[in-house]
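Chemist: Quick one, structure for this:
(2 chains)
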Amino acid sequence: MLVNKKDMASGLFFVAAGLLYGGIALSTLPFGSALRMGPGYFPLILSSLMVMLGAIISLRSLKSGPGTAFGVIPWRGLLLILLATVIFAAFIDDLGMVPGLLLTTFIATLASNEVTWQRSLIATLFITIFCTLVFSYAVRLPIPVIGPFFDGLR
Amino acid sequence: MELLSNLFLGFGVAFQPINLLYCFLGVLLGTVVGVLPGLGPLATIAMLLPLTFGLDPTQSLIMLAGIYYGSQYGGSTTAILVNLPGESASAVTTIDGYQMARKGRAGPALAAAALGSFFAGTVATILVAVIAKPLTAIALSFGPAEYFSLMVVGLISSIALASGSLVKALAMICLGLLVGLTGTDIYTGAPRFTFGYFELLDGIDFVALAVGIYGIGEIVRNLEGSESSRAVIAKVGSLWPSKDDLRRMLAPAVRGTAIGSILGVLPGGGALLSSFVAYNVEKKASRNSAEFGHGAIEGVTAPEAANNAGAQTSFVPMLALGIPSNVVMALMIGAMIMQGIVPGPNVVVNNPDLFWGLIASMWIGNAMLVILNLPLIGLWVSLLRVPYWIMFPAIIAFCCIGVYSVSNSAFAVYTVTVAGAIGYLLIKLDCEPAPFVLGFILGPMLEEHLRRAMLISGGDVSIFVTRPISAVLLLVALILLIIVSRPTIAKRRDEVFVDEEG
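Modeler: Down below sits the predicted model:
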């Protein structure tokens, strides 16, 4: 059977998301009436609609042919880039601008397929210096250059 | 002549040296980031938003507007010189622009883009000044039913922009609306869809969402290909177009401006749709249609004029109605709210200097773009030579800092992570993000107006069809839905978007 995998996956995604949101709306949010709509009214309409649309997409995918190729997923790049943002979020308050950026950018540089040690080092240093100059000194964002984590070390 | 006195007020504001400076800075920075392939106006504005925090509302909006058309314009430069659209609205420019560049006519192509844009910008600025005020007057008579229907039109027309399946686009709208409802319910105070995170009580940060989908998603997509293959940059010779070129540019510039101006005002329209339509119309209307695809200067001028005109007239619904016609305007509304200004018909009454100053600065910004771009083209070319391995970590750093500093919240940066992952997945599944993002912005507004309309009508749904303006708007939405779902149109839509890849 020729199934359009992309359509099948996205259809199921919408059904699942619709069920999740609809379930939350049904179980925790009062529905109200058409006159005085409760917080659950509009979400329930939307999630029902989304489940329906998702079902249509999945059903159609059964006979629409294999469709276009999914293509490669650059797993390494994807995960490292997401990790870089997580690291930034986790450490910026404690570490401050310079150490936070050194970490974040270094991880981000590794996401490239063509990374070498020299490139990674150059990019990390350059970007950290550049961003610190621009955002800490020129725009004066209230992120400390060196964070409170290092206070004890001074 | 109220219009003249208003424009006079506007230019008075815009020509203040400090405002000129911020307009210039905006245009310059916008161009710098816009030149980088893959970063569209939305990601650019989101990234540079923190730069405007310390400014007063007028200055910050002038600067943001400058960033917007700067990045738009920078995208065209990339499109012509490296055959990569710097942003989606300049995707069609790559078709003929890069062909011209390959024939050694990169200079005239760049000039055509600049002059076409400037012409369009001038006309569109006047148009915005003329129609924004009357539209504001109409808007003041809008009730919740009209607003609701207007937003429905906006959502439906955003489908026209999405490539691929109509049903998917509709599902993406629903998902966007639902995710947009995250936070405290304004009527009952009940927390909705916060999954236990108290940070989500105020809703999901839009800047973070936009950066995740358009910034992170775009970078990961670029990592799919081989990076060094992008390095071919066309040489720029003489910039000046010949007399023949100038003659051939005139009609396309006018047609492109007209198309862009109209499509820009429509909800869901804006720069992207404008440039696609203008290119296709020009291909049919031009006497040189055989040359299209092989470096026709008309094929550069028309879409460039159209996308610039569309970019500017899309400010009209934002300024007059407080409703974003596209995702960039949604971000501008967010920026206005952060500055303590509630977008809507009252802006022109309460902040006339901001309103007219912004309109006047649009024209000044366009003039600056021409001055900035033609002589400084060498600088942009060298910017294109910055290797990707240094570029994308820098973009990630900018994105993180930008999102963090919107509300000094690390949680917002986690939002980027999640939005980036889900956004990338959906793009991989051929689900266009634009309807989702527009739904996200309109979700709370749509619900609020729906609830109010039902309160007024006593729970009677027919209010939406018995009020004439609302009925007309819903009819427009229905017709739009029928048009985009017609198989022939759907096919043509695909073709247009396939051209983009080619």
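Chemist: Show the contacting residues for the residue lying farthest from the centre of chain A.
Modeler: Ranked by distance from the centre of chain A (C-alpha atoms, centre = their mean), the top residue is A:L35, with 37.6 Å. By C-beta atoms under 8 Å, 6 or more residues apart in numbering or on different chains, the contact list for A:L35 reads B:454-455, B:458-459. Every C-beta, even on glycine, is put in place using the N, C-alpha and C of the backbone.
Chemist: tell me the SS of it?
Modeler: Classification of A:L35 using DSSP: H, G, I helix; E, B strand; the rest coil returns coil.
Chemist: quick one: low-confidence ranges for chain A?
Modeler: A:1, A:67, A:153-154 (pLDDT under 70).
Chemist: Spatially central, which residue of it would that be?
Modeler: A:L82 (7.2 Å).
Chemist: Which SSE is immediately downstream of the helix or strand containing B:V152?
Modeler: In the assignment (DSSP states H and E), B:V152 maps to helix B:144-161. Downstream of helix B:144-161, the first helix or strand assigned by DSSP H and E is helix B:166-180.
Chemist: Find the nearest non-adjacent residue to B:V33, please.
Modeler: Spatial nearest neighbour of B:V33, excluding adjacent residues (C-beta to C-beta, 6 or more residues apart in numbering or on different chains): B:T44 at 4.4 Å.
Chemist: Also B:Q59?
Modeler: Closest to B:Q59 by C-beta to C-beta, 6+ apart is B:Y22, at 4.7 Å.
Chemist: ok, now which ones touch residue 150?
Modeler: No chain in the question, so chain A it is. Counting by C-beta under 8 Å, 6+ apart, A:F150 has contacts A:95-96, A:99.
Chemist: hmm, I had chain B in mind actually
Modeler: B:142, B:267, B:321, B:323, B:473.
Chemist: how deep is the last one tucked in, by neighbour count?
Modeler: Spelled out, that is B:L473. B:L473 has 23 neighbours, counted by other C-beta atoms under 10 Å in any protein chain shown.
Chemist: Verify the stated contact: it with B:Y147.
Modeler: No: under the criterion of C-beta atoms under 8 Å, B:L473 makes no contact with B:Y147, lying 9.5 Å away.
Chemist: Chain B versus A:A17, what's the distance?
Modeler: 6 Å (C-beta to the nearest C-beta, to the nearest Å).
Chemist: Look up how far B:M47 lies from that residue.
Modeler: Distance of A:A17 to B:M47, given as C-beta to C-beta, to the nearest Å: 28 Å.
Chemist: What mean pLDDT does stretch B:122-137 get?
Modeler: On average, the pLDDT along stretch B:122-137 is 86.
Chemist: what does stretch B:386-404 give?
Modeler: Rounded mean pLDDT across stretch B:386-404 is 87.
Chemist: buried sites along that stretch?
Modeler: Buried residues in stretch B:386-404, defined by neighbour count with 16 or more other C-beta atoms under 10 Å in any protein chain shown: B:388-404.
Chemist: cool, stretch A:43-59 as well?
Modeler: Buried residues in stretch A:43-59 (16+ other C-beta under 10 Å): A:43-54, A:56-58.
Chemist: which residues are contacting that stretch?
Modeler: With C-beta under 8 Å, 6+ apart, stretch A:43-59 has contacts from A:7-8, A:10-19, A:21-22, A:24-26, A:29, A:31, B:165, B:167-168, B:170-171, B:174-175, B:177-178, B:181, B:192-193.
Chemist: would you put the C-alpha positions of the helix ranked longest in chain A in PDB?
Modeler: Longest helix of chain A, by residue count under DSSP state H: helix A:5-28. In PDB, the C-alpha atoms belonging to helix A:5-28 read as follows (Å, rounded to 0.1, in the frame of the first residue of the first chain):
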ATOM      1  CA  LYS A   5       4.000   9.000   5.400                       C
ATOM      2  CA  LYS A   6       4.400  12.800   5.900                       C
ATOM      3  CA  ASP A   7       0.600  13.300   5.700                       C
ATOM      4  CA  MET A   8       0.000  10.300   7.900                       C
ATOM      5  CA  ALA A   9       2.400  11.600  10.500                       C
ATOM      6  CA  SER A  10       1.100  15.100  10.500                       C
ATOM      7  CA  GLY A  11      -2.500  13.900  10.500                       C
ATOM      8  CA  LEU A  12      -1.900  11.800  13.600                       C
ATOM      9  CA  PHE A  13       0.000  14.700  15.200                       C
ATOM     10  CA  PHE A  14      -3.000  17.000  14.800                       C
ATOM     11  CA  VAL A  15      -5.400  14.300  16.200                       C
ATOM     12  CA  ALA A  16      -3.100  13.700  19.200                       C
ATOM     13  CA  ALA A  17      -2.700  17.400  19.900                       C
ATOM     14  CA  GLY A  18      -6.500  17.900  19.500                       C
ATOM     15  CA  LEU A  19      -7.200  15.100  21.900                       C
ATOM     16  CA  LEU A  20      -4.700  16.500  24.400                       C
ATOM     17  CA  TYR A  21      -6.100  20.000  24.300                       C
ATOM     18  CA  GLY A  22      -9.700  18.800  24.100                       C
ATOM     19  CA  GLY A  23      -9.100  16.500  27.100                       C
ATOM     20  CA  ILE A  24      -7.700  19.300  29.200                       C
ATOM     21  CA  ALA A  25     -10.500  21.600  28.200                       C
ATOM     22  CA  LEU A  26     -13.200  19.000  29.000                       C
ATOM     23  CA  SER A  27     -11.700  17.900  32.300                       C
ATOM     24  CA  THR A  28     -10.500  21.100  33.800                       C
END
